[in-house]
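Enquirer: could you work out the structure for the sequence below:
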Amino acid sequence: MNKLVTLITILFLLLVGCSNDVVTDEEEKSTSSKGDIMANIIDQADNTDHVTVDFTIKQDVYIPEIDRDLTVEQSDMTYIQSEPFRFLTKLDTAIGQFTVFNQDQQLYSYLPENESYEPLNNEMLNNINNLIKEQRHLSTLLGQLKQFEDQMTLEENGEQMILTLSGQGDEFQSYVYNQLMTSSIEGAQLPIEEQNIVVDAVEFNIVANQESHQIEELSTSFEMHRTTDDETTIKQSIKRTYYDYQKEKEIPDVE
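Expert: Presented below is the predicted three-dimensional model:
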């Protein structure tokens, strides 16, 4: 009888040990795979010379000192050349479509009525170069998200790999502040200080092709309020769809 109890005990311990080893191995495999996939995605982005992105943003803002709700909605199609960094953006607005491009840090708009280019020197527009790079350029975006790699979950679905994250709290404070300041011209003007941000929710969704590791879609969103008041609320969501990898397109050269 004692031998039987001893044998059962040993078998039980072995099974528990094996079970724990399997879980640990799976966790290590998941972490390793996730890290490898993210590294491959970043490497692919760093080697992308040309790409086009459809960009849509929505911001809902309420700040007591402004005393009215603000909603920013914008869609554009942007062609990006990585080296040297240049872009051509077709903006859809309430008053029509505009084409804007950069050359040597100078912004220009295309005037279709007379097929000419006009330099844009408005002070508020000077930040567009930075907005495009921070929110549409793949290497820059992935550089912002890589710090949260360990918190992402990985799902493989047919021809796609999907990395997602849902979180909240102080660790996302700098990220949310940067998002707010670089997502729209209006956002950069808001009276928000980084240390006063309370991050209520953050979400990332990175969809990449299994074979090429090229990003097909990259969506980000957040919700926040301020430590100084509970009335301030800002919600932002951005969807980016990437295509035409390595297809060079024409950006005008202004003499």
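
Enquirer: per-residue pLDDT of V207, please?
Expert: For V207, the pLDDT comes out at 97.

Enquirer: neighbouring contacts of the helix or strand hosting it?
Expert: Per DSSP states H and E, V207 falls inside strand 197-209. Here strand 197-209 makes contact (C-beta atoms under 8 Å, 6 or more residues apart in numbering) with 37, 41, 145, 148, 152, 159-170, 172-173, 175-177, 214-227. (Glycine included, C-beta is placed from N, CA and C.)

Enquirer: which helices and strands does the helix or strand containing E155 pack with?
Expert: Assessed by DSSP H and E, E155 sits inside strand 153-157. Strand 153-157 is packed against helix 2-46, strand 160-167, with contacts defined by 3 or more C-beta pairs under 8 Å, 6 or more residues apart in numbering; DSSP states H and E.

Enquirer: downstream neighbour of the strand holding V207 in the secondary structure list?
Expert: Counting by DSSP H and E, the next helix or strand C-terminal to strand 197-209 is strand 215-226.

Enquirer: and the helix or strand just after that following strand, which strands flank it?
Expert: Using DSSP H and E, the helix or strand that follows strand 215-226 towards the C-terminus is strand 229-243. According to DSSP bridges, strand 229-243 forms sheet pairs with strand 50-63 (antiparallel), strand 215-226 (antiparallel).

Enquirer: now strand 229-243 - C-alpha only, PDB.
Expert: Extracted C-alpha coordinates of strand 229-243, given in PDB (Å, rounded to 0.1, in the frame of the first residue of the first chain):
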ATOM      1  CA  ASP A 229     -10.200  68.100 -13.700                       C
ATOM      2  CA  ASP A 230     -12.500  65.200 -14.600                       C
ATOM      3  CA  GLU A 231     -14.400  67.200 -17.200                       C
ATOM      4  CA  THR A 232     -11.700  67.300 -19.800                       C
ATOM      5  CA  THR A 233     -12.000  64.300 -22.200                       C
ATOM      6  CA  ILE A 234     -10.200  63.500 -25.300                       C
ATOM      7  CA  LYS A 235     -10.800  60.500 -27.500                       C
ATOM      8  CA  GLN A 236      -8.800  59.800 -30.700                       C
ATOM      9  CA  SER A 237      -8.700  57.000 -33.200                       C
ATOM     10  CA  ILE A 238      -6.600  56.700 -36.300                       C
ATOM     11  CA  LYS A 239      -6.700  54.100 -39.000                       C
ATOM     12  CA  ARG A 240      -3.900  53.700 -41.500                       C
ATOM     13  CA  THR A 241      -4.000  51.300 -44.500                       C
ATOM     14  CA  TYR A 242      -0.700  50.700 -46.400                       C
ATOM     15  CA  TYR A 243      -0.300  49.600 -50.000                       C
END
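
Enquirer: buried sites along it?
Expert: Buried positions in strand 229-243, judged by neighbour count with 16 or more other C-beta atoms under 10 Å: T232, T233, I234, K235, Q236, S237, I238, K239, R240, T241, Y242.

Enquirer: measure the fifth one to V207 for me?
Expert: Right, Q236. 19 Å (C-beta to C-beta, to the nearest Å).

Enquirer: what number of residues lie near the residue nearest to S33 when sequence neighbours are not counted?
Expert: Nearest residue to S33 in three dimensions, chain neighbours excluded: L154, at 6.4 Å (C-beta to C-beta, 6 or more residues apart in numbering). Using other C-beta atoms under 10 Å, L154 has 16 neighbouring residues.

Enquirer: L154 and D36 touch, don't they?
Expert: No: counting by C-beta atoms under 8 Å, L154 stays clear of D36, with 10.2 Å between them.

Enquirer: you'd agree K133 is in a helix?
Expert: Yes: per DSSP: H, G, I helix; E, B strand; the rest coil, K133 lies within a helix segment.
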